[in-house]
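A.B. asks: Model the structure of this input:
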Amino acid sequence: MKLFHRALAGGAASVALTAGLLGAGTAASAAPAADSQYGCPVGAVCIYPQGVHYTDAEPTDFYYSRGVHKLYNQYGNHWVYNNQTDGWTVRTCTGGNGTGCGTVLRPDHLRYVNLTPVNSIKIES
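C.D. replies: Next up, the predicted model:
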């Protein structure tokens, strides 16, 4: 999997590629998302259609509240974007009750994820 982060520098947007994944214990603070990005509203975690790049489609699923959200009928690779504010993070989980969760996705970050084994997402503050 690859992790992308949108960064603003001098008013121009740039995309930085980070190879590998960030561990759940990574201590780094990210600035909250400033506005809607890639069709994903502020304060939402968005899932994009299967196999489609996030710049080429609108999200199909939106999650706003903290807690566990079950996923239904999500198969194959999807982009997941965390446009949450106040440092809220998201993790994809194999258990439908928010167990078996993977790596933390920090605010204003995207990840290309195989959602076939994923049964829920967990949004945490």
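
A.B. asks: Count the neighbours of the residue lying closest to residue 36 once chain neighbours are set aside for me.
C.D. replies: With sequence-adjacent residues excluded and distances taken as C-beta to C-beta, 6 or more residues apart in numbering, residue 36 is closest to residue 42, at 5.9 Å. For glycine as for every other residue, the C-beta is placed from the backbone atoms N, C-alpha and C. Residue 42 has 14 neighbouring residues, counting by other C-beta atoms under 10 Å.

A.B. asks: And the one 3 residues further on, by the same measure?
C.D. replies: Around residue 45 sit 25 other residues, with neighbours defined as other C-beta under 10 Å.

A.B. asks: what's the following helix or strand after the helix or strand of the chain with the lowest mean pLDDT?
C.D. replies: Of all helical and strand segments in the chain, the minimum by mean pLDDT, DSSP states H and E falls on strand 12-19, at a mean of 29. Once the chain leaves strand 12-19, the next helix or strand it forms, by DSSP states H and E, is strand 44-47.

A.B. asks: after that next one, next one along is what?
C.D. replies: The helix or strand immediately downstream of strand 44-47 is strand 61-63, counting by DSSP H and E.

A.B. asks: who does that next one pair up with?
C.D. replies: Strand 61-63 pairs in its sheet with strand 44-47 (antiparallel), by DSSP bridges.

A.B. asks: average model confidence for the partner strand?
C.D. replies: For strand 44-47, mean pLDDT rounds to 98.

A.B. asks: Residues contacting that strand, please?
C.D. replies: Strand 44-47 is touched from outside by 38-40, 59-64, 71, 74, 78-84, 90, 115, 121, 123, with contacts defined as C-beta atoms under 8 Å, 6 or more residues apart in numbering.
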